[in-house]
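Peer 1: quick one, fold the following:
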Amino acid sequence: MESNKDEAVKCVSIAKEAIAAGNKQRALKFIGIARRLNHNLSVDDLLSACEDLDSASSRNEKPISRSKSEPASSIVDEISNVGRSYTEEHVQLIRQVNRSMGYYEILGVEKNCSADEIKKAYRKLSLKVHPDKNKAPGSEEAFKKVGKAFKCLSVEDSRRQYDQTGLVDEFENNQQTNNVRRRRRRTGNDFFDDDFDPDEIFRTFFGQSDVFGSARGVYRTRRRTTRTNQHQRGDNEGGGVGPMLIILQIIPFMLIILLAYLPFTEPDYSLQKNQSFQLPMMTEKHDVEFFVKSQEFDQKFPPGSSARAEIETNVIKDYKNMLSRYCHIELQRRQWSRNFPTPYCNKLQSFGVAAAS
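Peer 2: Prediction:
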């Protein structure tokens, strides 16, 4: 797959850096990973370079001597730091975060702190523990804990729920139980399940996709690849998600087709003259003009009949509603200009006086 090839290339780059630093064990480790990710990748030259490291070290090997005053621990620290791209300060910070039991303790804020203080603490701490910057062991877990703490405490509802429980494990278990009850689909918006993505929160908070530069995107790329594979496996194992989505997409078209075949009844009259309604009529009360299709209207609704009276009552009601709508618009425009005319309001007023009489 294309993602495996990209990861293999990155492993080769790490192996080259290890060879340049003289770290054969690290170089062989990443060469092996690269070959597993991409069997077609040529690494013979890297293996030869590793062999050259042995020969060069044997030629240049000299007895190691140290003064009595030099402590043995400094030599051990020097050897252990070979090929390591993090400091003791990085290690201590990661240990401190991973040892913290509560969300407030993780971010280093008080329980009564403000929302701005939570944001400032997350901004400072997330930059320090991000795996693309801090390579110390456990940095990914620490970065995840910082993301969970910020996501919980930055939302008023979840912060209130957490304050009520007081325990991280109990709070997260409650969140997972609620999600199961709602049978929520995977959308990446759940911050307390196994699919939690702290890097998504990080990118959203800082408003950019690459805070540390393109050369440090190993963790981010790996997270995206893992999440994509998990979602694909979940879709394949679920089995019923695909057909359900197809059915939901087809339903609107089916409704349109059904509505097209449903019987449609045209109105018996219109207050406005148009192509279908051209024959003018007048109500017996209030002389409201309306339009019908043909002379057959009088045959269907004879003058003086209850059916005709009902039709004319509806005409008067529609006419009054129409005047009210247009009058409302005129009054709104009247607020902008006192000289704005209000003919529909005048008609509505006259109609009300006539109806009262």
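Peer 1: show me the shaky parts of the stretch 201-350 of the chain.
Peer 2: Residue ranges of the stretch 201-350 of the chain with pLDDT under 70: 207-242, 263-264.
Peer 1: which residue ranges of it form strands?
Peer 2: Applying DSSP state E, counting those that start in this stretch to the stretch 201-350 of the chain gives strands spanning 279-282, 289-292.
Peer 1: between those strands, which one is nearest to Ile250?
Peer 2: For the strands of the stretch 201-350 of the chain, proximity to Ile250 was assessed by CB to CB; strand 289-292 is nearest, at 41.6 Å. C-beta here means a position set from N, CA and C on the backbone, and glycine is covered the same way.
Peer 1: so what does the closest one touch, helix or strand wise?
Peer 2: strand 279-282 (3 or more CB pairs under 8 Å, 6 or more residues apart in numbering; DSSP states H and E).
Peer 1: name every strand pairing with the strand it packs on and say which way it goes.
Peer 2: Using DSSP bridges, the strands paired with strand 279-282 are strand 289-292 (antiparallel).
Peer 1: what residues does the partner strand touch?
Peer 2: 268-274, 277-283, 315, 319 (CB atoms under 8 Å, 6 or more residues apart in numbering).
Peer 1: list the buried ones in it?
Peer 2: Within strand 289-292, the residues scored as buried using 16 or more other CB atoms under 10 Å are Phe290, Phe291, Val292.
Peer 1: quick one: the helices in the stretch 1-150 of the chain?
Peer 2: 2-20, 24-37, 44-59, 72-80, 88-99, 103-107, 115-129, 139-153 (DSSP state H, counting those that start in this stretch).
Peer 1: start and end of stretch 267-285, how far apart?
Peer 2: This stretch, stretch 267-285, spans 21 Å end to end (CA to CA, to the nearest Å).
Peer 1: what do you get for stretch 125-139?
Peer 2: End-to-end distance of stretch 125-139 (CA to CA): 12 Å.
Peer 1: which one of the buried residues of strand 289-292 is nearest to Ser100?
Peer 2: Relative to Ser100, and with distances defined as CB to CB, the nearest of the buried residues of strand 289-292 is Phe290, at 77.4 Å.
Peer 1: for Ile19, see how far away the closest one is.
Peer 2: 93 Å (CB to CB, to the nearest Å).
Peer 1: break the chain into its domains for me.
Peer 2: Using automatic domain parsing, the domain ranges for the chain come out as 2-56, 93-238, 279-356.
Peer 1: for stretch 31-44, give me every contacting residue.
Peer 2: For stretch 31-44, contacts defined as CB under 8 Å, 6+ apart pick out Asn4, Lys5, Glu7, Ala8, Val9, Cys11, Val12, Ala15, Leu46, Leu47, Cys50.
Peer 1: and the residues you listed, which of them are buried?
Peer 2: Among the contacts of stretch 31-44, those buried by neighbour count (16+ other CB under 10 Å) are Glu7, Ala8, Cys11, Val12, Ala15, Leu46, Cys50.
Peer 1: kindly reformat those residues as JSON lines containing pLDDT and distance to Glu105.
Peer 2: Shown next, in JSON lines, are those (pLDDT from 0 to 100; distance: CB to CB, whole Å):
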{"residue": "Glu7", "pLDDT": "80", "distance to Glu105": "35"}
{"residue": "Ala8", "pLDDT": "80", "distance to Glu105": "40"}
{"residue": "Cys11", "pLDDT": "83", "distance to Glu105": "37"}
{"residue": "Val12", "pLDDT": "84", "distance to Glu105": "41"}
{"residue": "Ala15", "pLDDT": "82", "distance to Glu105": "39"}
{"residue": "Leu46", "pLDDT": "82", "distance to Glu105": "45"}
{"residue": "Cys50", "pLDDT": "80", "distance to Glu105": "45"}
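Peer 1: got CSV for these, with distance to Val109 too?
Peer 2: CSV is the format used below for the buried ones among the contacts of stretch 31-44 (distance: CB to CB, whole Å):
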residue, distance to Val109
Glu7, 37
Ala8, 42
Cys11, 39
Val12, 43
Ala15, 42
Leu46, 47
Cys50, 48
